[in-house]
Structures are given as C-alpha cells and as structure tokens.
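Undergrad: next comes the sequence, and after it the predicted model I'd like to discuss.
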Amino acid sequence: MIEVQRLTKQFKDTLAVDDLTFSVTPGLVTGFLGPNGAGKSTTMRVIVGLDRPTSGEALVDGKSYRTLDAPLRSVGAMLDAGQVHPRRTASAHLLSLAATIGAGQGRVREVLELVGLPDQARRRVGTFSLGMRQRLGIAAALLGDPSTIILDEPMNGLDPDGIIWVRSLLRHLAREGRTVLVSSHLMGEMAQTADHLIVVGRGRLVADVATHDLLQGPSSALRVRTPDPLRLTDAVTGAGGTTDAGDEGALLIHGLTAGDLARLALAHRIEIHELVEQDRSLEEAFLELTNHTTDFRAQTSPERTVLS
Ligand SMILES: Nc1ncnc2c1ncn2[C@@H]1O[C@H](COP(=O)(O)OP(=O)(O)OP(=O)(O)O)[C@@H](O)[C@H]1O
C-alpha cells in the first residue's frame, strides 16, 4: 500500500508536486498518468526516498521509505533504466545489486528468466537495446521480491511485443497481491494496462478513478445494426433514449442499456443484427475529466493518445 498525503515538492522556481494526495492499493495495477513535467517522476522519487518532500509525506505500508526495515525487499523501483554501467554484464550488474540485499546468483538467474533475458546474462549492458535495458531495470526492481513495485515509464522504447509482455507481467504481479504503481504519459497504453488511474497535471491531482469507470462514463453508447433504423429510432426516442448516426450505417444509441434496447426491439418486433456496448473514446473520457484544459489535449489516435 502506498499513501501519498498532501505531498508538495518545490524545486527553486518550480512547483513539481502541489498538495497531492492519493493511495495505491495492493492487488491492482495503478497507472500514474500525466503529461511530461506533471510531477510523476518527482512523486515516485519521493516515495522511494530519493527526494525529500517540501511538505506532506509518502508512506509505503505505513512507513516512510527511509524508516522501512528492509527497503529493497519492500519496494522495488525502476526510475531510470539508463542508469547502468555500460561495460558491466547484465548478470554482474544484478549480482552487485543482489549483494546489497543478501540475494545471490540463484535469484539473479530467476529474475533474468522472468524478464526474458536469460541468454543475455553475460552480455555488456552498453550493447543492450532500450527495450532490453527496460527489461533489465525491471529485473533489478524485482530482485528483492518486493511487495510494492514502482516503475517509471517501463514501456518507453518497447516494441509491441515488449509492451504486451510488460502489461502481462504487471497484471501477474498485481494478481499476486502486490502493490503496482506504473507511470506513463500515454493514455491508451495505461487504459489497456491499469485497473486504476491516478491522473496528474501540473503537480496536482486531476483524477483518481477506476479505468473501467472512466471509459464507461455517461457518453458510452450502444452500437446497433438493424434493417429498420427509422422504426428503431422512433422506439428509442419513445423510451427516452437518443440516437446518432454511427459509421458504416450503424446507429449509436445513448441513454438505454443493452437489455433495455433488446427488450424494446423485441416488443416492436424490430430485427437487430448487431448490438455492441461501446466505451466512450479515451479522448472523450479525458476531455471530460480534465475539463478541456489545454494541458490534457488529446491527440487523435486512441491507441497512441498522448497527453501534451
Ligand atoms: N531536480 C530538479 N530540479 C529542478 N526542477 C526539477 C527537478 N526534477 C524535476 N523538476 C521539474 O519538476 C517538474 C516535474 O517533473 P517530473 O519529472 O516529476 O515530471 P514527470 O511527470 O515525471 O514528467 P516526465 O514524463 O517528463 O518525466 C518539471 O517541471 C521538472 O522540470
């Protein structure tokens, strides 16, 4: 469990984190989402004791990081995958970290296996691709078998296979009951990865919401195909719903559940050829969430929507 309470971090002229409060619960993947410069990394650095808060606090399992009995066994973090001596082999790098927590060669082999790098153990890290460095960073975070895992932008630079791999690893770690906090500035990526989202902008909390609730908001719609759209539109209007034209001749229906619509179609003996519950788009969800602030303008493609 991570509890960030009224956290503020001021760097000279920059207010990086501004009175931020949220909790990260075990058993879920929690996405930490916000545009570049929103304060995500600073918050994570405070959680793992690398930066001191100006005010407020960040607790892991009820304690500040500096007062945890065995911090590296409680919290595994990857805050900067680039911070590895390039001439070291992957295995030597992990062994040096393992030594600080009393783990040995066996655990190093296990984590290399877990992140899909068992054959690269003797390779120098300087020759690694960005994706391999990310995997090595994740391996280092997992060395101490921690109950809390904090990863800053772990999907940066990964190819689609790598992204799918990180996603399933995070879900697996959460299912084991761990607390998993993972940051990203990519909305689509987090919507597909996280069960819960903490959204920040300019150091402040913008939303603390279940991903499902965010996408299932009031503008979600039913997408329907029927050979009789005019009669269906009349029936839907009569039942208090509204319709819009969808693409490829489909009708979009708002204000009714799928069950309502099925019963309505049956009662009016209208054929339905397709009925799909359609989540609202990420763009809609975030524009609503962020109240159209320019900080969170969503850029086109839903898969790669970026908070700018
Ligand atoms: N050590 C520092 N000294 C001065 N300013 C800093 C320092 N670290 C971060 N900042 C500033 O604090 C703000 C928040 O930065 P932070 O890196 O926490 O944001 P972020 O959401 O992680 O963004 P990104 O996705 O770009 O890493 C930025 O304006 C940044 O320039």
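TA: Here it is on my side, so go on. Numbers count the residues shown, from 1 in each chain.
Undergrad: can you count the residues close to Leu169?
TA: Applying other Cβ atoms under 10 Å, we find 21 residues neighbouring Leu169. To be clear about C-beta, it is placed using only N, CA and C from the backbone, and glycine gets the same treatment.
Undergrad: same for the helix or strand containing it, what does it pack against?
TA: In this structure, Leu169 is located in helix 160-175 according to DSSP states H and E. Identification of packing neighbours for helix 160-175 by 3 or more Cβ pairs under 8 Å, 6 or more residues apart in numbering; DSSP states H and E yields strand 29-33, helix 130-142, strand 179-184, helix 187-193.
Undergrad: what comes into contact with it?
TA: 26-29, 114-116, 131, 134-135, 138, 149, 151, 154-155, 158, 180, 182, 189, 192-193, 195 (Cβ atoms under 8 Å, 6 or more residues apart in numbering).
Undergrad: got the buried residues for it?
TA: The neighbour-count criterion (16 or more other Cβ atoms under 10 Å) identifies 162-163, 165-167, 169-171, 173-174 as the buried residues of helix 160-175.
Undergrad: next one: stretch 38-56
TA: For stretch 38-56, the buried set under the neighbour-count rule, 16+ other Cβ under 10 Å, comprises 38-49, 51, 53, 56.
Undergrad: what about the closest residue to Thr25 other than its chain neighbours, neighbour count?
TA: Distances taken as Cβ to Cβ, 6 or more residues apart in numbering place Met1 nearest to Thr25, at 6.3 Å, with adjacent residues excluded. Residue neighbour count, defined by other Cβ under 10 Å, stands at 13 for Met1.
Undergrad: check the one 5 residues further on too.
TA: Using other Cβ under 10 Å, Arg6 is surrounded by 12 other residues.
Undergrad: buried set for the helix or strand encompassing it?
TA: The secondary structure element spanning Arg6 is strand 2-11 (assigned by DSSP H and E). Neighbour counts using 16+ other Cβ under 10 Å place 2-4, 7-9 of strand 2-11 among the buried residues.
Undergrad: got those residues as TSV, with distance to the ligand columns?
TA: Written out in TSV, the entries for the buried residues of strand 2-11 read as follows (distance: Cβ to the nearest ligand atom, whole Å):
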residue	distance to the ligand
Ile2	16
Glu3	19
Val4	13
Leu7	12
Thr8	12
Lys9	8
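Undergrad: want to throw these into CSV with pLDDT?
TA: CSV is the format used below for the buried residues of strand 2-11 (pLDDT from 0 to 100):
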residue, pLDDT
Ile2, 98
Glu3, 98
Val4, 98
Leu7, 98
Thr8, 98
Lys9, 98
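Undergrad: list the contacts of the closest residue to the ligand within the stretch 201-308 of the chain.
TA: The minimum distance from the stretch 201-308 of the chain to the ligand, using Cβ to the nearest ligand atom, falls at Gly203 (6.7 Å). With contacts defined as Cβ under 8 Å, 6+ apart, Gly203 is in contact with 9, 15-18, 20, 38-39, 42.
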